[in-house]
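A.B. asks: how would this look folded up:
(one chain, ligands or ions: 1)
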Amino acid sequence: MNRREFARLLAIGGAVPFITPEVTWAKSSKLPPTPSNPDEKFWLSVRDQFVMPKELTMINAANLCPSSGPVLETLYRVTKDMDQDPSMENRAKLGDGREATRKSLADFLRVTPEEIVITRNTSESNNLVSTGIDLKAGDEVLLTADNHPSNHTAWQEKAKRFGFTVIDVKVPNPHPGPEFYVDAFTKAITPKTKVISFTHLTSTVGDLFPAKELCRLARERGILTLVDGAQSFGLFDVDLSDMQPDFYSGSAHKWPCGPKENGVLFINKNAQSKIWASIFSAYPGRVGVSRTFEGFGQRDEPAMIAFGEALKLQTQIGRANIEKRSRDLTTALVDGLKKVDGVKIWTSPEASRRAAVLSFQPGSLDVRKLSAALYKNDHIGCATRGGQDRPGIRFSPHFYNTHADMEKAIAAIKKYVASGV
Ligand SMILES: Cc1ncc(COP(=O)(O)O)c(C=O)c1O
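C.D. replies: So this is what the prediction gives:
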């Protein structure tokens, strides 16, 4: 396929579904049962659940994942039903659907529906926590130095308003190992520490933090924990009953491959009396903390229902299988890229300290030009990181990718590093 044909295909993919989605949104071929040891053939049938053109190789799950065919179909079907008859009588069932998604989220994270708030995204979830905890001058919030602005900037800005102090725990590169962080936090905690907040898997270079150990450390000292799960929710088989954070946040549109503008905030039952709700309006959830925390006014309930569908697909494939697949693809990328002269990998060489977010500097190439060339010439979608701090390209493969995608990406980087963009 040449460039013009590819552009046409993308344009068609974007425009036609609004007219006749049932026809053009691939009625995804039926997914076969997951074999006990999923092979490349099985993963190709997983790829068929997505409507991306075959030629498009998206390796950018850390930013935004495509929704699967079943999610798109649910979104369209429920939205159409609602818009065909927007009466309150017809819409009553949507509340049941939203509560079913809450139950699926609770099962997915191994907690109770009473601890789940369905938010718009991780940004909102993180901010509901940093605004909702009663902090004042003299209190300290300990952060890892490498967080998304919805976690880092949010705490810093609220510190200006409420008078508490934010302290960063250094994040050396490469990842110095989980023990380093347990030790660094142990030393940084003071009697004034009220909250510890960190990113489970960083979006910058894909460092994996020892979430369970850090939560235990905090819990033993009566300190609240916020774990930003934007890059772990839907990638790992996250078990919050084991990790035991006070708060955990995530987005539907990343690794779960759900609809846009849906997210989750877990509020541990033990922490519910220690946080204030920030938004009060109509139509809250029906159980537990959602009754006070989820009164966000009119919601996009079809999208909330489609969120449940995304979780169903992941559960059907097997969540341990998804994590293993994404990790294997990342290891293939690391192994290929480390052989390319001039490439400097920022992500840990130790598989246990990383997962499926891989950042590297491609020699002296201008990363924006490189990423534009990768998209235009090779039909590879990825992310870039500018500035001085570990700049480069970020690849984040997921369960819809294949080993052929990884080979294609490595060959493309090799080509541009050798001959320029
Ligand atoms: C670690 C982390 N936290 C929070 C966010 C914000 O996610 P959202 O834009 O879905 O709110 C991101 C987005 O990339 C992220 O990587």
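
A.B. asks: from here on, contacts and neighbour counts on C-alpha atoms
C.D. replies: Fine.

A.B. asks: Identify the residues contacting the residue in the stretch 251-400 of the chain that the ligand sits nearest to.
C.D. replies: Proximity of the stretch 251-400 of the chain to the ligand (Cα to the nearest ligand atom) peaks at residue 251, 4.8 Å away. Residues counted as contacts of residue 251 (Cα atoms under 8 Å, 6 or more residues apart in numbering) are 120-122, 230, 233, 261-264.

A.B. asks: Kindly indicate which of the residues you listed lies nearest residue 327.
C.D. replies: Sorting those by how near they are to residue 327, with Cα to Cα, puts residue 233 at the top with 14.5 Å.

A.B. asks: which residue ranges form the strands in the stretch 201-350 of the chain?
C.D. replies: With DSSP state E, counting those that start in this stretch, the ranges of strands along the stretch 201-350 of the chain come out as 224-228, 247-251, 263-267, 343-345.

A.B. asks: What strands line up against the last one, and which way round?
C.D. replies: Strands adjacent to strand 343-345 in the sheet, as given by DSSP bridges, are strand 358-362 (antiparallel).

A.B. asks: Also the second one?
C.D. replies: The pairing partners recorded for strand 247-251 under DSSP bridges are strand 224-228 (parallel), strand 263-267 (antiparallel).

A.B. asks: can you list those in CSV and add distance to the ligand, mean neighbour count and mean pLDDT?
C.D. replies: As requested, the strands paired with strand 247-251 are arranged in CSV below (distance: least, Cα to the nearest ligand atom, whole Å; neighbours: other Cα atoms under 10 Å; pLDDT from 0 to 100):
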stretch, distance to the ligand, mean neighbour count, mean pLDDT
strand 224-228, 6, 26, 99
strand 263-267, 7, 27, 99
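
A.B. asks: and stretch 56-67, which residues are buried?
C.D. replies: Buried residues in stretch 56-67, counting neighbours by 16 or more other Cα atoms under 10 Å, are found at 57-67.

A.B. asks: Can you classify residue 143 by secondary structure?
C.D. replies: At residue 143 the chain is in strand, as set by DSSP: H, G, I helix; E, B strand; the rest coil.

A.B. asks: Pretty sure it sits against residue 198.
C.D. replies: Yes: using Cα atoms under 8 Å, residue 143 and residue 198 qualify as a contacting pair, with a distance of 5.7 Å.

A.B. asks: neighbour-wise, which of the two wins?
C.D. replies: In this comparison of residue 143 against residue 198, neighbours counted by other Cα atoms under 10 Å, the higher total goes to residue 198 at 26 against 22.

A.B. asks: Please enumerate residues in contact with the helix or strand hosting the more buried one?
C.D. replies: Assessed by DSSP states H and E, residue 198 sits inside strand 193-199. Contacts to strand 193-199, defined as Cα under 8 Å, 6+ apart, come from residues 135, 139-144, 146-148, 151, 209, 218, 222-230.

A.B. asks: how about the residues of the chain near the ligand?
C.D. replies: Proximity of the chain to the ligand (Cα under 6 Å from any ligand atom) is limited to residues 63, 121-123, 148, 150, 199, 202-203, 228, 230-231, 251.

A.B. asks: what two of these are the furthest from one another?
C.D. replies: With distances taken as Cα to Cα, the most widely separated pair in these is 121 and 202, at 16.5 Å.

A.B. asks: Next, the contact list for the residue nearest to residue 333 when sequence neighbours are not counted, please.
C.D. replies: Among residues not flanking residue 333 along the chain, residue 406 sits closest, at 6.0 Å (Cα to Cα, 6 or more residues apart in numbering). With contacts defined as Cα under 8 Å, 6+ apart, the neighbours of residue 406 are 329, 332-333.
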